[in-house]
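A.B. asks: take a look and give me a structure for this.
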Amino acid sequence: MRKNLFVAIFFVMIANVVSSQSIQPQGTRIGFFAGPVASNMWERIGGNSRMHDYVLGATIGILLDVPMQKIGSFQPGIDYIGKNSKDTYTDNNGQTIHTKTTLSYLEVPMNVLFRIPQGNGKVTVGGGIATAVAVSGKEDKTIGNSSTNSKLEFGDLASDDYVRYDFGLNVLAGYEFQNGFFATLNYNWGINRLFVGGDPKDKLYNNYLALRAGFLLGGKKKK
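C.D. replies: Model (predicted):
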């Protein structure tokens with residue numbers, strides 16, 4: 001409940017920032033991007049916390065770059081992103097279990113970006129929030145010489161594996177060239193519990209580090 005309230009407050013803050021910064025629609029640009037993603041999960045079960053191993057994935061999407069004053073912009077977008085991880089643990093019977101979780105999401109990031117002139121372009125820094133909805137998932141599990149593959153179900157029923165929606169906080173840093181080409185490093189820290197039901201003290205969150213490269217088109221040059 002507190003996390004959902006935080007998300008709502010953050011959206012209100014973003015709206016206030018945008019409305020107070022004299023947005024100039026005529027300067028809006030559209031961007032296209034793609035890049036690799038290194039993602040994992042963090043869990044706390046029964047009071048024990050640990051991090052799953054990173055697994056590479058990919059992201060591809062589009063965004064709008066809406067100017068705010070002279071050095072900032074508001075960047076909403078939509079992208080496909082893979083949030084994958086792998087883990088090794090020992091069950092109550094002493095068996096070593098290897099798992100690989102593959103999750104696919106449609107994500108809607110809403111970021112505020114600031115530009116600092118440097119060299120032949122601009123250094124970019126910023127942050128925001130990302131809301132995502134799961135579109136597919138699977139888990140590969142290996143116990144000894146036996147391997148299984150299962151489809152994951154998303155929802156709010158006790159029979160589901162994970163909740164359908166994910167929320168995360170973004171931190172951004174990168175560089176934008178004068179021709180519109182940009183590269184951005186994005187760390188996303190998950191804040192929405194992925195478990196369905198169970199002990200509320202047990203937690204599971206997605207995290208990822210993405211390198212997005214792309215280009216911006218459109219907008220009017222300042223005279």
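
A.B. asks: what bridges to Lys203?
C.D. replies: On the basis of DSSP bridges, Lys203 is bridged to Arg44.

A.B. asks: tell me the contacts of the residue nearest the centre of the chain?
C.D. replies: The centroid of the chain falls nearest to Asn188 when counting by CA atoms, centre = their mean (4.8 Å). By CB atoms under 8 Å, 6 or more residues apart in numbering, the contact set of Asn188 is Ala130, Gly168, Leu169, Asn170, Asn206, Asn207, Tyr208, Leu209, Ala210. The C-beta positions use only the backbone N, C-alpha and C, and glycine is treated the same way.

A.B. asks: any chance of these in a markdown table, plus neighbour count?
C.D. replies: Formatted as a markdown table, the contacts of Asn188 follow (neighbours: other CB atoms under 10 Å):
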| residue | neighbour count |
| --- | --- |
| Ala130 | 23 |
| Gly168 | 24 |
| Leu169 | 16 |
| Asn170 | 20 |
| Asn206 | 27 |
| Asn207 | 19 |
| Tyr208 | 26 |
| Leu209 | 15 |
| Ala210 | 22 |
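
A.B. asks: tell me which of these is nearest to Thr99?
C.D. replies: Asn206 (15.0 Å; CB to CB).

A.B. asks: next, count neighbours for Gly72.
C.D. replies: 18 (other CB atoms under 10 Å).

A.B. asks: quick check on it: phi, psi?
C.D. replies: phi -120, psi 170 (degrees, to the nearest 10).
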